[in-house]
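Engineer: My questions are about this predicted structure, shown below with the sequence.
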Amino acid sequence: MWRDALRQLWPQTLLGLACLGLIAATQPSALPWLFVLLAGGPALAVPLAVLSSWPGVGGAMVRLGIGRLPEETSPPEALKRLRLPALE
């Protein structure tokens, strides 16, 4: 699981860590903002992918609506007319 995630997400992780390293070396006071707003997601891509794949964690995320698209909560009329099982 971890190996598969790392094999697929190493470029994102490397980019996030490189951004964090560059800012840490040049503007350390900006590091928290950069982590939260830009580089934290890519830097944590592998652990986030693995954790969200666990059935318990994934189910909790679904129940809380984390990662939900706006079309899932309030589908436009064009999608409603299609009567997709995923929207019901």
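Structural biologist: On my side now, so go ahead. Remember, it's a predicted structure, so these values are computed and weren't measured experimentally.
Engineer: As CSV, could you dump the C-alpha coordinates of the worst-scoring helix or strand of the chain on mean pLDDT?
Structural biologist: Lowest on mean pLDDT, DSSP states H and E among the helices and strands of the chain sits helix 70-73, with a mean of 81. Extracted C-alpha coordinates of helix 70-73, given in CSV (Å, rounded to 0.1, in the frame of the first residue of the first chain):
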residue,chain,number,x,y,z
PRO,A,70,-20.7,20.6,-5.0
GLU,A,71,-22.5,18.5,-7.6
GLU,A,72,-22.9,15.7,-5.0
THR,A,73,-24.7,17.9,-2.5
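Engineer: residues of that helix that come out buried?
Structural biologist: Judged by neighbour count using 16 or more other Cβ atoms under 10 Å, helix 70-73 contains no buried positions. (C-beta placed from N, C-alpha, C; glycine too.)
Engineer: For P42, the count of nearby residues, please.
Structural biologist: Counted by other Cβ atoms under 10 Å, the residues lying close to P42 total 20.
Engineer: Can you classify it by secondary structure?
Structural biologist: helix (DSSP: H, G, I helix; E, B strand; the rest coil).
Engineer: Once you drop chain neighbours, what's closest to the residue nearest in space to the middle of the chain?
Structural biologist: Residue closest to the average C-alpha location in the chain (Cα atoms, centre = their mean): G41, at 6.1 Å. Nearest non-adjacent residue to G41, counting by Cβ to Cβ, 6 or more residues apart in numbering: G16, 7.0 Å away.
Engineer: domain ranges for the protein?
Structural biologist: Here the domain parsing of the chain from automatic domain parsing is 2-53, 63-88.
Engineer: quick one: what helix or strand has the residue nearest to G41 in it?
Structural biologist: helix 2-26 (DSSP states H and E).
Engineer: ok, Q8 to A45 distance?
Structural biologist: The gap separating Q8 from A45 is 9 Å, by Cβ to Cβ, to the nearest Å.
Engineer: out of the two, which sits in the more crowded spot?
Structural biologist: The neighbour count for Q8 versus A45, taken as other Cβ under 10 Å, is higher for A45 (21 against 12).
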